[in-house]
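Asker: the sequence and its predicted three-dimensional model are supplied below.
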Amino acid sequence: MESVVPHSGPEDVGLAGRTALVTGAASGIGRACAIALADAGAKVHVVDRDAAGAVEVAKLVGGTPHVVDLADADLVDSLPRDVDVLVNNAGLQHVAPIDEFPPERFALIQQVMVTAPFLLMRHCLPHMYAAGWGRLVNISSVHGLRASPYKAAYVAAKHALEGLSKVAAIEGAPHGVTSNCVCPGYVRTPLVEAQVADQAEAHGIGLAQVVDEVFLRRTAIKRLIEPDEVAATVRWLCGDHSGYVTGASLPIDGGWTAQ
Ligand code: NAD
């Protein structure tokens, strides 16, 4: 599907002269964020463990690729510190009931989706504090606000990220640094497309039926979200006009949490 969000160029948010770092930027929402922030004028560091994807997106946005596995805490130190906008986006999913959930998978999800964002904040905040300006945008989920069965690690990690983001908002306020979560429902990305395929096979039904009956069951707007709709909210949070928005969780969920 074509973009549903018109990109109006650098004057829209005005990130010229700013540097952004986006994790998980080789694919899906992170890729869309890298494009949207570059479109607003930022220099973008494209961080992902997927080397080919990181290089491709960096080339697309005129940014710098960093091939890093965020499950390895030591590697965070290899990333740049002079970052004005940090988008914590990298994530993964594992679906299983708690009594069958592999503990090592649970630990990995906390490492990538909670510990790495904490380490990156710790890494980049001194630069933001020195500059008196910064933006932390944490890609949470409707699952940072609500639970679903069989997603123990993911729901726990997103709820933890919500807490981390609020603490960062309070600590960052005197330094001109905002911290917010963006909470999408189901977005059309490889992460969700893989889940749709799995569910179709598990239930013996078609892909469209899985989307309608499983994924969109709780949303009022009956379509998946496009990655650039999420990226548009991320970009909006990075403008000077949104400097009073902090410690917030912005649902992009088609009415899921309104019910
Ligand atoms: P995606 O699978 O398309 O992209 C995720 C990216 O993260 C990939 O490029 C992957 O290589 C990277 N990544 C994963 N583990 C990594 C690691 N250890 N080190 C470095 N990079 C790593 O997924 P997406 O749907 O774009 O999801 C991005 C974020 O948005 C995730 O945090 C996800 O939880 C969140 N989210 C997604 C949806 C959705 O429906 N797709 C909804 C709400 C929130």
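Answerer: Noted; the coordinates are in hand.
Asker: tell me the gap between the longest strand anywhere in the chain and the middle of its chain.
Answerer: Secondary structure of the chain per DSSP state E: the longest strand is strand 177-184. Distance of strand 177-184 from its chain centroid, counting by Cα atoms, centre = their mean, to the nearest Å, is 9 Å.
Asker: can you list the strands that it pairs with?
Answerer: Sheet pairing for strand 177-184, assigned by DSSP bridges, gives strand 134-139 (parallel), strand 249-252 (parallel).
Asker: do the helix or strand following the first one and the ligand meet?
Answerer: It refers to strand 134-139. Per DSSP states H and E, the first helix or strand lying C-terminal to strand 134-139 is helix 152-172. No. Using Cβ under 6 Å from any ligand atom, helix 152-172 stays clear of the ligand, coming no nearer than 6.8 Å. The C-beta positions use only the backbone N, C-alpha and C, and glycine is treated the same way.
Asker: and helix 152-172, which residues are buried?
Answerer: Of all the residues in helix 152-172, those buried under the rule 16 or more other Cβ atoms under 10 Å are 152-162, 164-166, 168-169, 172.
Asker: then stretch 187-195?
Answerer: Neighbour counts over stretch 187-195 (16+ other Cβ under 10 Å) mark 187, 188, 189, 191, 192, 195 as buried.
Asker: send me the longest strand of the chain as CSV with only the CA atoms.
Answerer: Only the C-alpha atoms of strand 177-184 are listed here, as CSV (Å, rounded to 0.1, in the frame of the first residue of the first chain):
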residue,chain,number,x,y,z
VAL,A,177,14.9,16.0,27.0
THR,A,178,11.5,14.4,26.4
SER,A,179,10.7,10.7,26.5
ASN,A,180,7.6,9.1,25.1
CYS,A,181,6.2,5.8,24.1
VAL,A,182,4.4,5.1,20.8
CYS,A,183,1.9,2.2,21.2
PRO,A,184,0.8,0.7,17.9
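Asker: how about the residues of the stretch 101-250 of the chain near the ligand?
Answerer: So the stretch 101-250 of the chain meets the ligand at 112, 139, 141, 184, 186, 187, 189, 190, 191, 192 (Cβ under 6 Å from any ligand atom).
Asker: most widely separated two among these?
Answerer: Taking Cβ to Cβ, the two most distant members of these are 112 and 186; they sit 19.9 Å apart.
Asker: helices or strands up against the helix or strand in which residue 32 is found?
Answerer: Counting by DSSP H and E, the element that carries residue 32 is helix 28-39. Here helix 28-39 touches strand 19-23, strand 43-48, helix 51-61, strand 85-88, strand 134-139, helix 227-237, going by 3 or more Cβ pairs under 8 Å, 6 or more residues apart in numbering; DSSP states H and E.
Asker: and that helix, does that touch the ligand?
Answerer: Yes. With Cβ under 6 Å from any ligand atom as the criterion, the ligand is reached by helix 28-39 at 28, 29, 30.
Asker: what angle separates that helix from strand 177-184?
Answerer: 130 degrees (axes from the mean of the first three to the mean of the last three Cα atoms, to 10 degrees).
Asker: ok, and the helix or strand in this protein with the lowest average confidence?
Answerer: Using mean pLDDT, DSSP states H and E, helix 190-203 stands out as the lowest-scoring helix or strand of the chain, at a mean of 87.
Asker: list of residues touching the helix or strand just after it?
Answerer: Downstream of helix 190-203, the next assigned helix or strand under DSSP H and E is helix 207-210. Contacts of helix 207-210 with the rest of the structure, by Cβ atoms under 8 Å, 6 or more residues apart in numbering, involve 196, 197, 199, 200, 203.
Asker: could you tell me which of the residues you listed count as buried?
Answerer: 196, 199, 200.
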